[in-house]
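Give me coordinates for this.
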Amino acid sequence: MPRTQHKIPPWQGWGPLLILPVAVVAFTPPQWPRWLFMWLLSFAILVGCKWLVWRRTPVAGAPVWRHLGYLVAWPGLNPKAFLNSHQHTPTPLSEWGFATRNLLMGMALFWGARYLVPAGQELLLGWLGMTGLVLMLHFGSLHLLSCFWRAIGINAYPLMNTPLASVRVSEFWGKRWNTAFRDLTHRFLFRPLTSRFGIVWATLIGFLFSGLVHEMVISLPAGDGYGGPTIFFLIQAAAMLFERSQFGKKLGFGQGWRGWLFTMLVVTLPAYGLFHPPFVENIIVPFMKAFGAA
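A predicted model of the protein is given here:
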């Protein structure tokens, strides 16, 4: 287990993140379903990221079971909070109920989408199924897992922090949507780039990196649609810089209903390019068919 030390070697922890995704791309049999390739690649990246932050976060005194829990039973990427915390505030029953409701709604939408969509409308079917999948995973089962860990005193905050409440694009991506990826990029990308190049270039490079990562797990498995995820995230970066500008502030972006509306439009309208038709038709719909949802 990692121990407190004065200086961590710069190479420490990077091996799995550099090797595992390449191994998946190189050795996954081409006859395997594309959706299986996507999940394998996503899992390889997650495992590499978890190992990286764990190896580069020395923690003294945490019991072995906490380390194992963080590595195999929690998708978050903040090992310091998970391993050091001693939270005693009970998880509200209402939060358990909220997560359970999302799980059930996601299941109903994922397996019930075929009854709502006319025959032949596979793109719409895939979007509904994908929405159900997000509800099941991110807002349902993973939120329940967060409730469990916090109930026994561990600070495993939810990966999704009510993103629909965001009144700024920067709030959506920086505090509310997929906090695990935010923790990773803020630590290893945004913070070092800001100190060296300033916030504008750090924002642009950070979102460009996000676009490239999503190209790897969306466009590469789909075999098409390249450029869509990158454009989506560059739009997010431009919108974030715009809302922080003097003109954006004069328009009321970044606060109140104008900020909320601007954020929702920026996040949702370009999402068609992020989850482009090749991904929906070549990955999501076959995945639904494999599990009897289409």
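
residue ranges for the helices of the stretch 51-200 of the chain, please.
Secondary structure of the stretch 51-200 of the chain by DSSP state H, counting those that start in this stretch: the helices cover 64-72, 79-84, 93-112, 122-136, 142-151, 169-171, 179-185, 191-197, 199-214.

nearest to Tyr272, of those helices?
Closest to Tyr272 of the helices of the stretch 51-200 of the chain, according to C-beta to C-beta: helix 122-136, at 9.1 Å. In short, each C-beta sits where N, CA and C put it, glycine included.

between the closest one and helix 93-112, how many degrees?
In this structure, helix 122-136 runs at an angle of 160 degrees to helix 93-112, with axes from the mean of the first three to the mean of the last three C-alpha atoms, to 10 degrees as the basis.

just the angle between helix 122-136 and helix 142-151, please?
Relative orientation of helix 122-136 with respect to helix 142-151: 10 degrees, computed using the same axes, to 10 degrees.

Run through the neighbouring helices and strands of helix 122-136.
Counting by 3 or more C-beta pairs under 8 Å, 6 or more residues apart in numbering; DSSP states H and E, the packing neighbours recorded for helix 122-136 are helix 93-112, helix 285-290.

Please identify the most buried of these.
Here the criterion is mean neighbour count by mean count of other C-beta atoms under 10 Å, and of those the winner is helix 285-290, at a mean of 19.

Using PDB, list the CA coordinates for it.
These are the backbone C-alpha positions of helix 285-290, laid out as PDB (Å, rounded to 0.1, in the frame of the first residue of the first chain):
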ATOM      1  CA  VAL A 285     -28.800  -0.200 -30.400                       C
ATOM      2  CA  PRO A 286     -26.900  -3.500 -30.800                       C
ATOM      3  CA  PHE A 287     -26.200  -3.300 -27.000                       C
ATOM      4  CA  MET A 288     -29.900  -3.000 -26.400                       C
ATOM      5  CA  LYS A 289     -30.600  -5.900 -28.700                       C
ATOM      6  CA  ALA A 290     -28.100  -8.000 -26.900                       C
END
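
From Val167, how far off is Leu184?
Applying C-beta to C-beta, to the nearest Å, one obtains 24 Å for the distance of Leu184 from Val167.
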